[in-house]
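J.: based on what follows, work out the 3D shape:
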Amino acid sequence: MLARASSPLTHEVLIATLVVISLIIPLVRHPKSFALRQQLQITLGVLLARAIILFAIKMFAI
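T.: Okay, here's the model as predicted:
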């Protein structure tokens, strides 16, 4: 019951995370400095990991 109530919120967070990732990808491809590129790659990795975890929680929630 709780999983059904929180499912729309999880779905919205997943969509928002994917939108942010799609905005960051062009910056990673054309960075202005090496440090900026490293920071963007770390941020992209963290956001991607969060999206995968949220998707897994949503898929396996009963």
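J.: which stretches of the chain have low pLDDT?
T.: Across the chain, the ranges flagged by pLDDT under 70 are 1-10, 27-31, 62.
J.: for residue 16, give me its contacts.
T.: Counting by CB atoms under 8 Å, 6 or more residues apart in numbering, residue 16 touches no other residue. Where C-beta positions appear, they are placed from N, C-alpha and C, glycine not excepted.
J.: wait, I meant residue 45
T.: Going by CB under 8 Å, 6+ apart, residue 45 touches no other residue.
J.: this protein: helices as residue ranges?
T.: 2-29, 34-60 (DSSP state H).
J.: what about residue 19, how many residues close to it?
T.: 10 (other CB atoms under 10 Å).
J.: cool, residue 17 as well?
T.: By other CB under 10 Å, the residues close to residue 17 number 19.
J.: how about the nearest residue to it, chain neighbours excluded?
T.: residue 51 (4.4 Å; CB to CB, 6 or more residues apart in numbering).
J.: same thing with residue 25?
T.: With sequence-adjacent residues excluded and distances taken as CB to CB, 6+ apart, residue 25 is closest to residue 44, at 7.1 Å.
J.: hang on, the earlier thing: hang on, the residue nearest to residue 17 packs against residue 11?
T.: No: with contacts counted by CB atoms under 8 Å, residue 51 stays clear of residue 11, the gap being 11.6 Å.
J.: those two - which one has more neighbours?
T.: More neighbours surround residue 51 than the other of residue 51 and residue 11, with 18 against 13 (other CB under 10 Å).
J.: contacting residues around that one?
T.: Counting by CB under 8 Å, 6+ apart, residue 51 has contacts 14, 17, 18, 21.
J.: how many other residues sit next to residue 20?
T.: Neighbours around residue 20, by other CB under 10 Å: 15.
J.: and what of residue 49?
T.: Count around residue 49 with other CB under 10 Å applied: 11.
J.: any idea how far it lies from residue 33?
T.: To residue 33, residue 49 is 24 Å away according to CB to CB, to the nearest Å.
J.: ok, residue 14 next?
T.: 31 Å.
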